[in-house]
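Enquirer: Have a look; sequence and predicted model below, questions after that.
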Amino acid sequence: MDIKKILLPVDFPNTSLPVIHQAATLARRFHSEIVALHVVTRESRLAGVPESASDLAHWNMLADIVQGAQKKGDPSLGPQLDGIAIQPVLASGDPAQAIVEAAQAQQADLIMMPSHGYTFNRFLLGSEAADVTSGIECPVWTSAYAEASLSPAQSAQEFAVRNILCAIDFTAHSDITVSWAARMAREFDAHLTLAHATPHVGIWSAGGTYVNPRLKAELVEDADRQMEKLQQNRDIKAKILIGSGDVSEVLSQAAEQTKADLLVNECYPYGGNLRLHGFGVISAVPIPVLSV
């Protein structure tokens, strides 16, 4: 795991300030370059983004972002971006395809984007997204789904990672997910918790739902054994939380219980998995989600 280059898609006029702050924090921590990508749309043109190729070539995207942050009461963004290598990139066409092409061309190690807005919807929720994103293997960091309700003062607060929750589903990809979570925990000196949601063990009958306690105990014991094996393989020691039932609900409760600042989710971002399952998790937890 090495984050040398971060791809940061930005919308106009509704630029997400929290995710830019988070990208700056990671870029400083990992000495990364940020590739700020804007896909020009009708909405951004109406907001003042130049239309002609010559005007676009001279448009200072970063200056407009910083100026917009100041107008929203966030004067800290400019100083936080100072000293970070930032490459502005402009594209046109379908946002999802533009993100994929930029990730491939730039050899991005991580995509960071807000979990709302036109670009996000086209990238993760659009009908074509699963097809166009199947060609790259790059984790996706989505800023908190509730970020739209943050005040400028809250947006400007330095992003801190003190507690990390890592969701494991015991697949062939689990080891990589744990590796990402453990590396983040080491870099930020954060507490790490591994979480797993076992299947719902309720049995429906005419009298209601009956929970089979023996089956539930067996599932929890098996999950606990697999958790211990994962920790041994990665030479880490973490707290373990095992719940039962709906994955999004279990992880939401676990995030609240552990006061997590970041959820590392074993949800491979491409091939449609993030659209079909991960979006429910992203919507359920009010913290950034790193889908690996």
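Expert: Yep, that arrived. Numbers count the residues shown, from 1 in each chain.
Enquirer: Is residue 13 in contact with residue 38, as I believe?
Expert: No: in this structure residue 13 lies outside contact range of residue 38 using Cβ atoms under 8 Å: 11.2 Å. C-beta coordinates here come from the backbone N, C-alpha and C atoms, glycine included.
Enquirer: which residues do these two both contact?
Expert: Residues touching both residue 13 and residue 38 (Cβ atoms under 8 Å, 6 or more residues apart in numbering): residue 44.
Enquirer: which of these two has more neighbours?
Expert: residue 38 (26 against 12; other Cβ atoms under 10 Å).
Enquirer: Wasn't that one part of a strand?
Expert: Yes: assessed by DSSP: H, G, I helix; E, B strand; the rest coil, residue 38 belongs to a strand.
Enquirer: how close does it get to residue 176?
Expert: 30 Å (Cβ to Cβ, to the nearest Å).
Enquirer: And for residue 4?
Expert: Residue 4 is 17 Å from residue 176, by Cβ to Cβ.
Enquirer: same thing with residue 169?
Expert: For residue 169 relative to residue 176 (Cβ to Cβ), the value is 12 Å.
Enquirer: Residue 199 now?
Expert: Remark: distance between residue 199 and residue 176 (Cβ to Cβ) = 23 Å.
Enquirer: the more surrounded of these two?
Expert: residue 176 (15 against 11).
Enquirer: Okay, and the more buried one sits in which element?
Expert: helix 174-188 (DSSP states H and E).
Enquirer: ok, then the element right after that helix?
Expert: Criterion used, DSSP H and E; the element after helix 174-188 is strand 191-198.
Enquirer: how far out from the middle of the chain is the helix ranked longest in the chain?
Expert: Counting residues, the longest helix in the chain under DSSP state H turns out to be helix 213-234. Relative to its chain's centre, helix 213-234 lies at 27 Å (Cα atoms, centre = their mean, to the nearest Å).
Enquirer: mind listing what's buried in that helix?
Expert: The neighbour-count check on helix 213-234 (16 or more other Cβ atoms under 10 Å) flags 216, 219-220, 223, 227, 230-231, 234 as buried.
Enquirer: Let me know the angle separating it from helix 174-188.
Expert: Orientation check (axes from the mean of the first three to the mean of the last three Cα atoms, to 10 degrees): helix 213-234 against helix 174-188 gives 60 degrees.
Enquirer: doesn't residue 55 make contact with residue 40?
Expert: No: when contacts are counted by Cβ under 8 Å, residue 40 is not listed as touching residue 55 (11.2 Å).
Enquirer: So for these two, which sits in the more crowded spot?
Expert: Per other Cβ under 10 Å, whichever of residue 40 and residue 55 has more neighbours is residue 40, with 19 against 10.
Enquirer: so what's the more buried one up against?
Expert: Going by Cβ under 8 Å, 6+ apart, residue 40 touches 49, 56, 90-92.
Enquirer: go again using 6 Å as the cut-off
Expert: By Cβ atoms under 6 Å, 6 or more residues apart in numbering, the residues touching residue 40 are 49, 92.
Enquirer: Can you dump the C-alpha atoms of stretch 24-35 in CSV for me?
Expert: Only the C-alpha atoms of stretch 24-35 are listed here, as CSV (Å, rounded to 0.1, in the frame of the first residue of the first chain):
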residue,chain,number,x,y,z
ALA,A,24,-4.9,17.5,1.9
THR,A,25,-4.5,15.6,5.2
LEU,A,26,-3.7,12.4,3.5
ALA,A,27,-1.4,14.0,0.9
ARG,A,28,0.7,15.5,3.7
ARG,A,29,0.8,12.3,5.6
PHE,A,30,1.7,10.1,2.6
HIS,A,31,3.6,12.8,0.7
SER,A,32,1.1,12.3,-2.2
GLU,A,33,0.4,14.4,-5.3
ILE,A,34,-3.3,15.4,-5.7
VAL,A,35,-4.8,15.3,-9.2
